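K.L.:
A predicted structure for the sequence below; I have some questions about it.
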Amino acid sequence: MSILSRIQSPNDLKKMSIEELLVLAREIRDQIVQTCSRTGGHVAPSLGVVELTIALYRVFDADRDKIIWDVGHQTYAQKLVTGRYDRFDSLRTYKGISGFPKRKESKYDVFDTGHSSTSLSAATGFALARDLKGDNYKIVSVIGDGSLGAGMAFEALNHLGHLNRDVIVVLNDNERSIGESVGALSQHLTGIITTRSYNRFRDDLWIFFNRFPPYFRDRMRNFAKRLQEGLKGLYTPPAVIFEELGFRYIGPLNGHKLKELVDTFSRVREMKGPRFVHVMTTKGRGFPPAEKYPERFHGIGPFDCQTGEEKPKAKSYTDVFGATLVKMARTNDKIVAITAGMCLGTGLAEFREEIPERFFDVGITEQHAVTMAAALAMEGYIPVCAIYSTFLQRAYDQLIHDVALQKLPVIFCVDRAGLVGEDGPTHHGPFDLSYALNVPNLVISAPKDGAELIALLKTAVGYRQGPFIIRYPRGACGTLEAADPPALTVGQWETLQDGKNPVIIAVGSMVRETMAAVTALKARRLEPLVINGRFVKPLDELRLDKIAERTPVVFTVEENSVVGGFGSAISDYFIRHHRPVKVYRIGLPDRFIEHGSRERLLKISGLDADGIVRQILDNL
């Protein structure tokens, strides 16, 4: 019987020897690789923190202390040591366990996470609440994988240091944030500065300085602090940064030496005040393909667990976007590509390799990316921001204030719009039409397939009157019937199926599902008129006026929330122009959708062909 299968709670780790824990680490890695080869997932991040996870749950009391995981895609090992081994094979499947921390799933998931850089703010809130209640549990925030570079993380670090609360920040530094020096001397210094005698001496020295007048006291304290920083900073440059922010810096540590981690965390646990523990890890540790290609294995679909080769997939919207942008940039030296830490995910890897001088990956800083793009547009460049729908939410103020208000021609290629599938509600993109429609000066579009995406990219590059959004889903984009489709007229829709009743206006990914529903509607002696509403803003008002003259009922279909989306814009148009037309909106319900395959989620949301037919028939 494996050690892993015997673990029912984190307390079981406290009974094991270091040798047993090392065996457990190997078993955890094997389980992650085997499961993710079937379900897909965030393989490299989770493999990199196995020893760190074991050490944290060995040292701290997870039933009482709060261990907060940033981003959340690092938590597969955490799930395995917190009683979810029996359900781990359901990872990221419908009704199975989530690929991210979920409070409703386990008491050990103390804060729902999916977007980066939130753990430090959460830790601050927990610390304030704990101290107000007079409690004394420990709070540990595990941040890394690029998350520390985001502005929100620095805001929280600054506040935490100022508050001087008892909080431990653990930086999982996998060479995507800061620090490089891991050596015997830095480990020796870490051993010194985490001992009780050192910290007792440091505290006693501070108390001793209190005997002197304020002027001399402050000078002596400042001298002692700089002497300490100089000693540590000589070998560990990041120490100075975090000490200045008010943290006691410990590290860097080798994140794969389990005994060293356990010993250090045991000492750090007894210290007081804000502490910063710097841990160096290797992304993809223990699985050679993931170590070699950590970017590809950051988030991957099903793969061969022997070779690491991903299972073949149909050409996606992301693929078409990436290839088309490179082709256009070869002949237009004003095109620049911008991504916020998601080069591979947004299809920009080829652009990065072929045109590196015009490629900018700014890390997990969507706000910065958008404002930077605004300035580039001012200087005559054509910035193309490729950002997931769910992450563009984080730059909403910049979209309004820095781009739309100034009518700057920034192109937003909004990937993962609608339901993304297995990553679940933190990564679904059901709100971009709703949050963008009320912003003046925007053009908002959604292609029905890969060929129309190419056409819209050409349209956006030629449109210099203001910002232009192209939103598209994750997944297959159909066959490319036209190798070189022409640019489109902004605001002009397309008739796909001529008929009389019912009138259906579908947008983006829902065009294909709507066309699949036509056969069933015809079998019921209906003659649907199907329109591709590829421009969500501006609307095709001439077409809408003609529709209002011929029918009292219109159906809209969108892979966006029914609240404030495409259907709402059409309904509002008819109301404002006193047109007696009833609009039935078919879209995502007003609730958060769980994780599962995209096909299954469309079905349960009523957005597959059968669901569209049913909703139309129910309302005719």
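P.N.:
It's in.

K.L.:
State the helix or strand in which the residue lying closest to S571 once chain neighbours are set aside lies.
P.N.:
With sequence-adjacent residues excluded and distances taken as CB to CB, 6 or more residues apart in numbering, S571 is closest to V583, at 4.0 Å. (Each C-beta comes from the backbone N, C-alpha and C, glycine too.) Assigned by DSSP states H and E, V583 belongs to strand 582-588.

K.L.:
Show the contacting residues for the closest residue to K315 other than its chain neighbours.
P.N.:
Distance criterion CB to CB, 6+ apart; nearest residue to K315, sequence neighbours excluded, is C477 at 6.2 Å. With contact set as CB atoms under 8 Å, 6 or more residues apart in numbering, C477 has these partners: K315, S316, Y317, D319, V320, P447, D449, G450, L453.

K.L.:
isn't the residue nearest to S571 right up against P552?
P.N.:
No: using CB atoms under 8 Å, V583 makes no contact with P552, being 10.4 Å away.

K.L.:
Okay, the spatially closest residue to P383 that is not a sequence neighbour and Q393: tell me how far apart.
P.N.:
Leaving out its chain neighbours, the residue that sits closest to P383 by CB to CB, 6+ apart is A373, at 3.8 Å. Using CB to CB, to the nearest Å, we find A373 at a distance of 16 Å from Q393.

K.L.:
okay, these two: which has more neighbours?
P.N.:
Higher neighbour count among A373 and Q393: A373, with 30 against 16, using other CB atoms under 10 Å.

K.L.:
need the contact list for the more buried one.
P.N.:
I338, P383, C385, V403, V410.

K.L.:
tell me the phi and psi of it?
P.N.:
Backbone torsions of A373, given as degrees, to the nearest 10, read phi -60, psi -40.

K.L.:
in which helix or strand would I find V557?
P.N.:
For V557, the host element (DSSP H and E) is strand 553-561.

K.L.:
Can you list the strands that that strand pairs with?
P.N.:
strand 503-506 (parallel), strand 582-588 (parallel) (DSSP bridges).

K.L.:
Run the chain-centre distance for the very next helix or strand once past that strand.
P.N.:
Using DSSP H and E, the helix or strand that follows strand 553-561 in sequence is helix 566-576. Helix 566-576 sits 32 Å away from the centroid of its parent chain (CA atoms, centre = their mean, to the nearest Å).

K.L.:
re the thing from before, tell me the helix or strand right after the strand holding V583.
P.N.:
Going down the chain from strand 582-588, the next helix or strand is helix 598-604, by DSSP H and E.

K.L.:
what helices or strands is that following helix leaning on?
P.N.:
Identification of packing neighbours for helix 598-604 by 3 or more CB pairs under 8 Å, 6 or more residues apart in numbering; DSSP states H and E yields helix 609-619.

K.L.:
My read is that G606 contacts I616, right?
P.N.:
No: counting by CB under 8 Å, G606 does not reach I616; the two are 10.7 Å apart.

K.L.:
These two: who's more crowded?
P.N.:
Taking other CB under 10 Å, G606 and I616 do not tie; I616 has more neighbours (23 against 17).

K.L.:
how near is the more buried one to T346?
P.N.:
35 Å.

K.L.:
Now do the same contact list for S116.
P.N.:
Taking CB under 8 Å, 6+ apart as the definition, contacts of S116 comprise D70, V71, D145, G146, S147, A150, I364.

K.L.:
if you set the cut-off to 6 Å instead, what comes out?
P.N.:
By CB atoms under 6 Å, 6 or more residues apart in numbering, the residues touching S116 are V71, S147, A150, I364.

K.L.:
Let me know the closest of the residues you listed to S46.
P.N.:
For the contacts of S116, the minimum distance to S46 (CB to CB) is 10.8 Å, reached by V71.

K.L.:
Can you report phi and psi for that closest one?
P.N.:
According to degrees, to the nearest 10, V71 has phi 60, psi -50.

K.L.:
and the closest residue to it other than its chain neighbours, which of the three is it?
P.N.:
Take V71 and drop its neighbours on the chain: the residue closest to it by CB to CB, 6+ apart is S116, 4.7 Å away. At S116 the chain is in coil, as set by DSSP: H, G, I helix; E, B strand; the rest coil.

K.L.:
from now on call the first residue 14
P.N.:
Fine by me, first position is 14 from now on; the one you just mentioned is S129.

K.L.:
distance of S129 from K513?
P.N.:
Going from S129 to K513 by CB to CB gives 51 Å.

K.L.:
can you list the weak-confidence ranges in the stretch 64-213 of the chain?
P.N.:
Scanning the stretch 64-213 of the chain for pLDDT under 70 picks out the ranges 158, 188-213.

K.L.:
Determine the number of other residues adjacent to the nearest residue to E322 once chain neighbours are set aside.
P.N.:
Nearest residue to E322 in three dimensions, chain neighbours excluded: F316, at 6.2 Å (CB to CB, 6+ apart). By other CB under 10 Å, 22 other residues sit near F316.

K.L.:
Quick check on F316: phi, psi?
P.N.:
Given degrees, to the nearest 10, the pair of backbone angles that F316 has is phi -150, psi 170.

K.L.:
What of the one 4 residues further on?
P.N.:
Geometry field for T320 lists phi and psi as phi -100, psi -20, criterion degrees, to the nearest 10.

K.L.:
Next, find the distance separating it from Q47.
P.N.:
14 Å.

K.L.:
more crowded one of the two?
P.N.:
Legend: neighbour count by other CB under 10 Å for T320 and Q47, higher for Q47 (12 against 9).

K.L.:
measure the more buried one to D317 for me?
P.N.:
For Q47 relative to D317 (CB to CB), the value is 12 Å.

K.L.:
What residues sit buried inside stretch 597-604?
P.N.:
Neighbour counts over stretch 597-604 (16 or more other CB atoms under 10 Å) mark Y597, R598, I599, G600, L601 as buried.

K.L.:
do stretch 111-129 as well
P.N.:
111-115, 118-119, 121-129.

K.L.:
what do you get for stretch 168-184?
P.N.:
Those would be 169-170, 172-174, 176, 178-184, for stretch 168-184 by 16+ other CB under 10 Å.

K.L.:
Let's see which of those end up in strands.
P.N.:
Mapping those onto strands (DSSP state E) picks out I181, V182, V183, L184.

K.L.:
Can you add distance to Y262 and give these back as JSON lines?
P.N.:
Output for these, formatted as JSON lines (distance: CB to CB, whole Å):
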{"residue": "I181", "distance to Y262": "12"}
{"residue": "V182", "distance to Y262": "10"}
{"residue": "V183", "distance to Y262": "12"}
{"residue": "L184", "distance to Y262": "10"}
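
K.L.:
what's the most distant pair in those residues?
P.N.:
Distances among those were taken as CB to CB; the most separated pair is I181 and L184, at 10.8 Å.

K.L.:
Run through the strands of the stretch 264-413 of the chain in chain order.
P.N.:
288-293, 348-352, 372-374, 395-401 (DSSP state E, counting those that start in this stretch).

K.L.:
strands paired with the last one, and their directions?
P.N.:
In the sheet containing strand 395-401, its partner strands are strand 348-352 (parallel), strand 424-428 (parallel), by DSSP bridges.

K.L.:
Thanks a lot, catch you later.
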